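S.K.: Sharing a model that was predicted from the sequence below.
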Amino acid sequence: MQSLQDRIRENVVSAIQTGALPPGAQIDEKALADAFDSSRTPVREALLMLAAQGLVTIVPRAGMFVHRPTAAELVAMFETLAEMEGVVARLATQRITAAGKKVLANAHEAAAEHVERGDTAGYIEANRKFHDVLYQAAANPFLSEQIVQLRRRLAIYWQKKGLINDARVPSSHREHGHVVEAVLAGNADVAAEAMRTHISAGGKAIADLVLLASAGVE
């Protein structure tokens with residue numbers, strides 16, 4: 001059973017990921033305490049934990065705010081994610097079972113249905129499941145945990161700022177196909193490179209992040 005602190009933390013994380021609390025927004029500690037019928041203490045503890053994860057910024061005498069990364073931070077995070085996901089693809093190729101290969105192929109095929117229907121929201125969820133299959137196959141919980149935390153910090157830019165949009169979905173799925181082909185063939189080097197290319201999207205995603213940050217995206 002989740003503690004009160006954990007429930008508050010997950011509530012704030014969800015609000016950040018969906019854009020209900022956009023980058024730079026001040027977090028109303030009193031409103032959170034009232035919503036959970038609690039004192040300020042568990043709210044503050046939950047927010048301090050999120051600050052340690054880089055999701056919240058503490059401004060002395062001003063309060064707590066959703067962290068707004070600089071352009072340099074966004075580029076660094078995206079570069080790091082691409083490299084870590086590449087490692088996942090490499091490990092998954094080396095460790096995946098015959099059953100795991102079937103699950104991976106099925107996840108890729110399931111995502112194709114959303115591409116054909118032009119269902120971007122559905123594809124975003126299918127994309128998450130696709131990557132989850134690789135995390136499981138890689139069998140490195142520590143690496144997966146680091147990736148999940150970094151993806152949380154980038155979620156708003158994917159889901160609300162157009163980095164996975166109607167135009168991007170078909171190419172994203174094709175890139176997944178390159179990863180799947182390499183994993184099923186047992187070619188770890190090709191799988192890792194295909195995944196890095198997929199995450200960075202040839203540098204375009206990073207450029208988009210820089211432009212969004214430079215424009216002061218809310």
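M.R.: All right, it came through fine. Residues are numbered from 1 along each chain as shown.
S.K.: got the phi/psi numbers for the residue most central in space within the chain?
M.R.: Centroid check for the chain by Cα atoms, centre = their mean gives residue 151 as the closest residue, at 2.4 Å. Dihedral angles of residue 151 (phi, psi; degrees, to the nearest 10) stand at phi -60, psi -30.
S.K.: measure it to residue 199 for me?
M.R.: 10 Å (Cβ to Cβ, to the nearest Å). Heads up, the C-betas are built off the backbone N, CA and C, glycines and all.
S.K.: Quick check: neighbours shared by these two?
M.R.: Residues touching both residue 151 and residue 199 (Cβ atoms under 8 Å, 6 or more residues apart in numbering): residue 81.
S.K.: just checking, what packs against the longest helix along the chain?
M.R.: With secondary structure taken from DSSP state H, the chain has its longest helix at helix 71-95. Applying 3 or more Cβ pairs under 8 Å, 6 or more residues apart in numbering; DSSP states H and E, we find helix 71-95 packed against helix 120-138, helix 141-159, helix 168-185, helix 188-200, helix 204-214.
S.K.: try 6 Å this time
M.R.: helix 120-138, helix 188-200, helix 204-214 (3 or more Cβ pairs under 6 Å, 6 or more residues apart in numbering; DSSP states H and E).
S.K.: quick one: contacts of the helix or strand just after that helix?
M.R.: Where DSSP states H and E defines the elements, the next helix or strand beyond helix 71-95 is helix 98-117. Contacts of helix 98-117 from elsewhere in the structure, counted by Cβ atoms under 6 Å, 6 or more residues apart in numbering, are 122-123, 126, 129-130, 133, 137, 169-170, 173, 176, 180, 184.
S.K.: one more time with 10 Å, if that's ok
M.R.: The contact list for helix 98-117 (Cβ atoms under 10 Å, 6 or more residues apart in numbering) reads 92, 96-97, 119-127, 129-134, 136-137, 139, 169-174, 176-177, 179-181, 183-184, 186.
S.K.: Next, the buried residues of that helix.
M.R.: For helix 98-117, burial by neighbour count (16 or more other Cβ atoms under 10 Å) applies to 100, 101, 103, 104, 107, 108, 111, 114, 115.
S.K.: which residues touch the residue nearest to the last one when sequence neighbours are not counted?
M.R.: Translated: residue 115. Leaving aside its sequence neighbours, residue 115 sits nearest to residue 173 (Cβ to Cβ, 6 or more residues apart in numbering; 4.9 Å). The contact partners of residue 173, taken as Cβ under 10 Å, 6+ apart, are 108, 111, 112, 114, 115, 116, 123, 126, 127, 130.
S.K.: which one among these gets closest to residue 56?
M.R.: residue 127 (26.0 Å; Cβ to Cβ).
S.K.: wait, that closest one sits on residue 176?
M.R.: Yes - here residue 127 reaches residue 176: they are 7.8 Å apart, a contact under Cβ atoms under 10 Å.
S.K.: Much appreciated, bye for now.
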